[in-house]
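> sequence and predicted model, in that order:
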Amino acid sequence: MHLHLIRIVALHEIRTVFRSKMPFILYSILLAMLLLAGFVGWNYVSKFNAQQARYTTEVQDNWMNQPERHPHRVAHYGYLVFREKAPLSFFDFGLDSYVGNSVFLEAHRQNTVNMSEAGFSNGMLRFGELSMALVLQLLVPLFIIFLGFATVAGLKQNGVLKILLCQKASYFDILAGKTAGLVAVTWLLFLPLILAALIGGAVLLQNEINAELLLRSGLILFVYAVYFLIITMIVTGVSAMSKNASNALIMLVLGWMVCFIVIPKSAQTLGSSLYKAPDKIAFEQAIEAEVRKEGDSHNPDDPHFAALRANTLKKYGVDSVHKLPVNYGAMVMQEGERITSGIFGTQFNKLIETYQAQNAVSVILGFFDPYLPLRNISMQLCGVDFDTFSEFQKQTEQYRFDKTTLINKIHLTQISYENDRAQKVAQSNWQQMPPFEFRPVPLAATIYNAKWSLIALLFWLVAGAAALGFISSQRKFQL
């Protein structure tokens, strides 16, 4: 390998690309699509988050302004939590359109997140939404294909390759130089745009810049740079193995269709077939069945609550719940809340494991398709992946349980058992409760969750370099 020869070939490839008008036409089209997608995405996320913030303030004000009430009425009054989009979600929409945006929290019942965009749209959403990530992931590879399909095969057709090989350059030097030239063009045209869009758009959305935002933007830039390099090595390799440019173009376009359309759709179907998830009705029925086994607070003859009553009377040394120093009805409600919340958590974790098993299929297929690992990593770094959504669901349930527990404690200590329903407590009791604040998945956890996709991307990088080395060692590919 001769570095100076690789450099000469790379510079010649860069000059060749920029001498032609076609790359500028293609780039102008992609640039217009990227700018449009970025503006539309940023505008939508900005308005969406402003709307969610307005609704959150309205719900909090209504909660704080409740009059004096019985604590159990307050518990059933409920509380709406609205999910805001992540700062980088304007770049990659991910799963945001398919998951819910609000959840109603109330006592004795765990509700799922509802009101997704997909639920209010027509069937066109299944074809995807135009985002910057979509253009970069699907259309930039086509741009690289049209730039590089003839990069080596064209040399074979016009006889220049044999002349170059008679000089000091080896076949590997030519392949490495062509790859370096093409990837330099791609990086120069797209990477600065990605970085400016990520940082500029996110700063405008949240009016600040922080270390995590910079780190996430830097990692996104890095994985897209690696992805473009992988695609370029594949294009150069196919061009080097083809006898002429037309064969190379056909093979590359067919490969694009398989990797970007067939395999991703097959991964979703295969995952759903191998690991079937229960529907909403079946999920709720499973929880109800487990609650009946564990202890039903609404059943006066339930053995679990009969034992609770006996143990409570024994603890306080009285023979009637009317003589207890605390409200026994509130105690029953809290025990029922503990049971249903615990069972919901167990069933929800099983459901999450099923969905994670489905998603693992696409992670495994990422070792056969470079598009899949990049798509997964991009969604995770932008905070629009399944892990972020499931974390939101878990945090809202924990908030609901803590809020209900606090209300039950007020009921337990401030409401007497006799003539329970006629009593009220001061509104200052629930005005002390803090509003819900979502804690996003930390960057370290995000990287850990994306480890197999990162390994798959690294595998493609090493495999691409090894493939170029193998092709350069085969005499038949030099003819």
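Okay, I see it. Just so we're clear, the structure is a prediction, and the values are computed from it rather than from any experiment.

> helices and strands around the helix or strand containing Ile263, which ones?
Assessed by DSSP states H and E, Ile263 sits inside helix 263-274. Applying 3 or more CB pairs under 8 Å, 6 or more residues apart in numbering; DSSP states H and E, we find helix 263-274 packed against helix 328-365, helix 371-382. C-beta coordinates here come from the backbone N, C-alpha and C atoms, glycine included.

> what average pLDDT does it get?
Across helix 263-274, the average pLDDT comes to 89.

> how about stretch 206-213?
83.

> residue contacts, Thr396?
Thr396 makes contacts with Val81, Val103, Leu105, Val113, Phe436, as judged by CB atoms under 8 Å, 6 or more residues apart in numbering.

> what's the closest of the helices and strands packed on helix 263-274 to Ala133?
Closest to Ala133 of the helices and strands packed on helix 263-274 is helix 371-382 (CB to CB; 5.3 Å).

> what helices or strands is that closest one leaning on?
helix 132-134, helix 211-241, helix 263-274, helix 328-365, helix 443-449, helix 451-473.

> how does it look with 6 Å?
Packed against helix 371-382, as judged by 3 or more CB pairs under 6 Å, 6 or more residues apart in numbering; DSSP states H and E, are the following elements: helix 211-241, helix 451-473.

> out of those, deepest packed?
Highest mean neighbour count among the helices and strands packed on helix 371-382 (mean count of other CB atoms under 10 Å): helix 211-241, with a mean of 21.

> got the angle between it and helix 371-382?
170 degrees (axes from the mean of the first three to the mean of the last three CA atoms, to 10 degrees).

> quick check: next helix or strand after helix 211-241?
Sequence order places helix 245-257 as the next helix or strand after helix 211-241, per DSSP H and E.

> what sits up against stretch 384-395?
83, 89, 92, 94-96, 99, 113, 352, 379, 438, 441, 449 (CB atoms under 6 Å, 6 or more residues apart in numbering).

> what residues of that stretch count as buried?
Under the neighbour-count criterion of 16 or more other CB atoms under 10 Å, stretch 384-395 has Val384, Asp385, Phe386, Asp387, Thr388, Phe389, Ser390, Glu391, Phe392, Gln393, Gln395 buried.

> that one - what's its average pLDDT?
91.

> which residues are in contact with Ile163?
Listed by CB under 6 Å, 6+ apart, Ile163 has no contact partners.

> which strand or helix spans it?
Taking DSSP H and E as the criterion, Ile163 maps to helix 160-166.

> again, but for Thr186
helix 171-206.

> return the distance of that helix from the chain's centre.
Chain-centre distance of helix 171-206: 23 Å, with CA atoms, centre = their mean, to the nearest Å.

> for that helix, buried residues please.
171-187, 189-190, 193-194, 197-199, 201-202, 205.

> before we move on, what about stretch 152-168?
For stretch 152-168, the neighbour count (16+ other CB under 10 Å) marks Val152, Ala153, Gly154, Leu155, Lys156, Leu161, Leu164 as buried.

> which pLDDT value does the model give Arg439?
Looking at Arg439, its pLDDT stands at 92.

> from Leu198, how far out is it?
Taking CB to CB, to the nearest Å as the measure, Arg439 and Leu198 are separated by 22 Å.

> then Trp42?
Going from Trp42 to Leu198 by CB to CB gives 11 Å.

> can you pull out the low-pLDDT segments for the stretch 51-200 of the chain?
Along the stretch 51-200 of the chain, segments meeting pLDDT under 70 span 114-128.

> ok, which stretches of it are helices?
Assigned by DSSP state H, counting those that start in this stretch, the stretch 51-200 of the chain shows helices spanning 71-77, 132-134, 140-148, 153-158, 160-166, 171-206.

> JSON lines please, covering those and showing distance to Ala467.
Output for the helices of the stretch 51-200 of the chain, formatted as JSON lines (distance: least, CB to CB, whole Å):
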{"stretch": "helix 71-77", "distance to Ala467": "63"}
{"stretch": "helix 132-134", "distance to Ala467": "27"}
{"stretch": "helix 140-148", "distance to Ala467": "15"}
{"stretch": "helix 153-158", "distance to Ala467": "16"}
{"stretch": "helix 160-166", "distance to Ala467": "18"}
{"stretch": "helix 171-206", "distance to Ala467": "10"}
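
> quick one: closest of these to Ile407.
helix 71-77 (4.6 Å).

> list the contacts of that closest one.
With contacts defined as CB under 6 Å, 6+ apart, helix 71-77 is touched by Glu106, Ala107, Thr404, Ile407, Ile410, His411, Val425, Trp430.

> now the angle between helix 371-382 and the helix or strand hosting the fourth one, please.
Per DSSP H and E: Ile407 is located in helix 386-414. Following the same axes, to 10 degrees, one obtains 40 degrees for the angle between helix 386-414 and helix 371-382.

> run the chain-centre distance for helix 386-414.
Its chain's C-alpha centre and that of helix 386-414 lie 24 Å apart, by CA atoms, centre = their mean.

> which parts of the helix holding Ile263 are buried?
Ile263, Pro264, Ala267, Leu270, Gly271.

> ok, the contacts of Thr396 vs Ala463, which is closest?
Using CB to CB, the contacts of Thr396 come closest to Ala463 at Val113, 39.5 Å.

> contacts only, for that closest one.
Counting by CB under 6 Å, 6+ apart, Val113 has contacts Gly100, Val103, Gln393.

> state the distance from the residue nearest to Gln334 when sequence neighbours are not counted to Phe401.
Closest residue in space to Gln334, ignoring its immediate chain neighbours: Asn408 at 4.3 Å, by CB to CB, 6 or more residues apart in numbering. Taking CB to CB as the measure, Asn408 falls 10 Å from Phe401.

> I am finished for the moment; much appreciated.
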